[in-house]
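**Q** give me coordinates for this.
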Amino acid sequence: MPNSDRYGTVDSADEFLTRRRMLAVSSAMVAGGLAGCMGGETDDDDETSLISTWQPTIPDEINFNHWAGGYPWSQSWLILEPVQRFFADGTIDNQMIEDWGYDPDEQAVTVEFEEGWYWWNGDPITAEDKYWFEECARLFQGDGSDIEELVLEDDMTLTRVYKDPQNPQLLEYSLGGYLGAMQRMHRDSCKPWAEELRDADDQDERLQIQEEMAEEMPLHISTVIEDGLGNGPFRMTDYDTEGMYFELFEDHPYADEIEIDELEFILAQDDALAQRIQGGDVDFGFGLLQQWVGEGAAPDHMEDVSVYEDSFMRKLEFYEQGPGSEHIRQYEVRRAIAHVLNLEHISTNYNNESTPREAQTGMPSDVTDNWLDDEYVADYIEYSVEDDEERATELMEQAGYELDGDQWVDEDGDLVSLEMVIPDYQTNLARSITDQLDNFGFEIDLNALESATFNDRTSDNIDFDITVGSHGAQTAHPFYYFRHNHTHSNELGDTIDIENALEDGETRSPFNGRSIVVDLPTEVGQEDLSGSTEEINIFELDQEWRTVDDEDRNREIAETFSWYWNFHLPGIDLVEVQSGTFGNGRDFEFNTDTKDWEAYRGAYRGVKRGHVSPR
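**A** So this is what the prediction gives:
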């Protein structure tokens with residue numbers, strides 16, 4: 001790690017701020033060719049304002065070609081502009097989109113982009129930027145792409161023709177195109193590669209071209225600076241081993257509303273980041289202070305300036321082909337675990353601010369309230385927020401288990417032994433869970449793996465019983481909590497694998513053993529399958545949701561998925577996580593009378609929209 005004190009030793013925060021401003025003024029003069037002399041008087045009104053945040057990647061290793069690796073996913077939310085912004089309440093800001101429409105007969109969505117947005121090199125942002133970027137993605141994906149054709153109607157209008165019918169309600173969340181909302185790459189970077197891909201004979205050749213593109217088109221940070229390939233309101237002007245440095249981009253549509261002249265990303269992570277925050281080197285950042293420096297360890301001038309309930313929850317997730325699958329496959333056992341867990345205790349001991357999830361609807365409380373009728377949810381099976389061992393014991397006994405001393409055994413006398421595998425950053429949460437399950441009489445084998453190792457272990461199939469993960473999405477629509485092909489949702493695996501399994505007569509996911517086809521009581525709130533039931537194919541319902549064009553049917557599917565979650569418990573939502581922004585309230589004023597902060601990386605949004613100003 002480079003020297004953590006970029007400015008030398010300072011004795012006070014006031015001196016730190018003054019020296020930062022002196023450095024910023026000096027840098028600006030050098031950039032303007034005025035380095036020869038600093039004579040004359042300085043007007044305080046000309047003082048340059050500088051604000052600092054952090055990033056964890058050595059700048060020289062950053063690559064803005066995401067097909068090549070090393071892409072700055074988090075930093076891009078400040079360096080680049082999204083076409084769309086999703087907020088925690090489910091609303092959308094289509095900030096670069098003038099208009100859009102869907103033609104169900106042609107299975108085509110046409111997006112008209114808004115004029116007045118620019119790349120740092122002065123080029124206007126047009127539909128062509130999205131067109132060539134998405135054309136590369138479409139051709140790289142081959143038959144796996146859901147887009148049949150892209151049509152550049154004119155400079156500002158792009159049409160995506162889909163292979164299958166689309167749900168207009170969901171289409172609105174994907175108007176930004178491939179890889180979500182961001183305007184990521186200039187048209188000139190992608191056009192030559194897309195044209196070469198069109199001439200490829202087959203998918204093998206296209207994949208070879210992708211490898212060549214990764215090797216021959218590294219969008220190094222120096223290239224982004226020299227060629228002006230960003231488009232956010234702060235233009236990158238320099239970088240070194242300790243950070244990246246930006247100045248206000250005057251051609252940005254929001255430049256006149258921004259009172260910050262310069263911005264910097266300093267290099268820091270983990271303990272080094274905590275030290276930089278405590279030392280006054282960081283002025284703002286995403287998340288809450290406790291997440292980065294621990295409770296009570298923040299300096300007096302730092303505070304949480306915006307707090308909101310995130311669209312992500314934390315969940316205990318069940319898989320059904322691990323060593324304890326014979327136990328986990330019984331919904332009574334999963335429900336017993338839900339009653340064993342004290343969510344109040346888990347929330348208190350979690351290292352992020354959180355709220356216990358009181359109802360198992362498969363969605364956060366706000367999304368549930370927005371989408372499901374209160375009377376419908378009122379009939380759901382209730383699971384205790386505090387531990388209810390009496391109810392847990394009843395469920396275990398109903399499933400044929402008994403206590404042998406202080407441990408649960410099945411009819412053969414075998415212990416209820418489950419393997420939990422987690423990424424190591426979830427250790428705090430997992431410890432709270434395993435302690436409670438162990439006290440109840442389950443044998444839990446906990447394995448905490450480094451993130452990359454955990455990802456490798458879960459890439460092809462899952463051979464353990466439970467884990468701890470996130471549940472949700474940036475887009476607070478029910479579909480995103482139950483889609484089959486996403487880690488943070490109701491994951492069943494890849495589409496082709498599920499289709500092959502169903503064709504072979506299998507009813508469980510080959511990825512994690514979870515049931516694809518389930519029986520569900522027709523009476524909401526029924527606690528067993530003794531009454532009237534209906535067979536639900538989770539995958540087919542997911543596929544229908546992607547194509548349905550009817551408001552009532554959208555709601556019906558959301559209700560079915562939520563009731564399925566409540567009855568079968570493929571996971572237990574533990575807590576709703578609070579997120580927000582922290583900042584230096586002594587030297588900057590944060591205007592929080594706006595929902596701009598209540599979004600993924602909302603700290604960046606707030607600065608980019610002029611909601612932060614020097615005091």
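**Q** use CA for all of it now, contacts and neighbours both
**A** Will do.
**Q** that's a helix at Met52, yeah?
**A** Small correction: residue 52 is Ser, not Met. No. Per DSSP: H, G, I helix; E, B strand; the rest coil, Ser52 lies outside any helix segment and is strand.
**Q** and the longest strand for this structure?
**A** strand 302-318 (DSSP state E).
**Q** mind listing the strands that strand pairs with, and their directions?
**A** Strand 302-318 pairs in its sheet with strand 466-472 (antiparallel), strand 571-584 (antiparallel), by DSSP bridges.
**Q** now the strands for the stretch 351-500 of the chain?
**A** Secondary structure of the stretch 351-500 of the chain (DSSP state E, counting those that start in this stretch): strands at 354-356, 402-404, 407-409, 417-423, 443-449, 466-472.
**Q** mind checking which of those is nearest Glu589?
**A** Of all these, it is strand 354-356 that lies closest to Glu589, at 26.1 Å by Cα to Cα.
**Q** tell me the mean pLDDT for the closest one?
**A** For strand 354-356, the mean per-residue pLDDT is 95.
**Q** ok, stretch 134-144 next?
**A** Stretch 134-144 comes out at a mean pLDDT of 94.
**Q** let's have the strands of the stretch 351-500 of the chain in CSV, adding mean neighbour count.
**A** Shown next, in CSV, are these (neighbours: other Cα atoms under 10 Å):
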stretch, mean neighbour count
strand 354-356, 21
strand 402-404, 16
strand 407-409, 19
strand 417-423, 21
strand 443-449, 16
strand 466-472, 24
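**Q** how about the helices in the stretch 201-350 of the chain?
**A** In the stretch 201-350 of the chain, the segments counted as helices under DSSP state H, counting those that start in this stretch are 203-216, 221-227, 270-278, 289-293, 325-328, 331-340, 343-349.
**Q** now the third one - C-alpha only, CSV.
**A** Extracted C-alpha coordinates of helix 270-278, given in CSV (Å, rounded to 0.1, in the frame of the first residue of the first chain):
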residue,chain,number,x,y,z
ASP,A,270,-10.3,-2.3,4.7
ASP,A,271,-8.2,-1.1,7.7
ALA,A,272,-6.4,1.5,5.6
LEU,A,273,-9.8,3.0,4.6
ALA,A,274,-10.8,3.2,8.3
GLN,A,275,-7.6,5.0,9.0
ARG,A,276,-8.1,7.4,6.1
ILE,A,277,-11.6,8.2,7.3
GLN,A,278,-10.4,8.7,10.9
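**Q** tell me the buried residues in it?
**A** 273-278 (16 or more other Cα atoms under 10 Å).
**Q** report the angle between the axes of that helix and strand 302-318?
**A** 150 degrees (axes from the mean of the first three to the mean of the last three Cα atoms, to 10 degrees).
**Q** show me what helix 270-278 is packed up against.
**A** helix 289-293 (3 or more Cα pairs under 8 Å, 6 or more residues apart in numbering; DSSP states H and E).
**Q** hmm, who's touching the helix it packs on?
**A** Applying Cα atoms under 8 Å, 6 or more residues apart in numbering, the contact partners of helix 289-293 are 270, 273-274, 277-278, 295-296, 298, 303-304, 351-353, 582.
**Q** 7 Å - rerun?
**A** 274, 298, 304, 351-352, 582 (Cα atoms under 7 Å, 6 or more residues apart in numbering).
**Q** run the chain-centre distance for that helix.
**A** Relative to its parent chain, helix 289-293 has a centroid offset of 19 Å by Cα atoms, centre = their mean, to the nearest Å.
**Q** same question for stretch 60-75.
**A** 17 Å.
**Q** and it, what's buried?
**A** So for stretch 60-75, counting by 16+ other Cα under 10 Å, buried means 62-68, 70-72, 75.
**Q** among these, which one sits closest to Phe511?
**A** Of all those, Phe511 sits closest to Trp67, with 25.7 Å by Cα to Cα.
**Q** where are the low-confidence patches of this structure?
**A** When residues are selected by pLDDT under 70, those of the chain lie in 1-46.
**Q** before we move on, back to that, could you single out the most deeply buried of the helices of the stretch 201-350 of the chain?
**A** helix 331-340 (a mean of 23; mean count of other Cα atoms under 10 Å).
**Q** please save the CA atoms from that helix in PDB.
**A** Taking Å, rounded to 0.1, in the frame of the first residue of the first chain, the C-alpha atoms of helix 331-340 are listed here in PDB:
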ATOM      1  CA  TYR A 331     -40.300 -27.800   4.600                       C
ATOM      2  CA  GLU A 332     -41.000 -28.500   8.300                       C
ATOM      3  CA  VAL A 333     -37.300 -28.500   9.000                       C
ATOM      4  CA  ARG A 334     -36.800 -25.200   7.100                       C
ATOM      5  CA  ARG A 335     -39.700 -23.700   9.000                       C
ATOM      6  CA  ALA A 336     -38.300 -25.000  12.300                       C
ATOM      7  CA  ILE A 337     -35.100 -23.200  11.500                       C
ATOM      8  CA  ALA A 338     -37.000 -20.000  10.800                       C
ATOM      9  CA  HIS A 339     -38.600 -20.300  14.300                       C
ATOM     10  CA  VAL A 340     -35.200 -21.100  16.000                       C
END
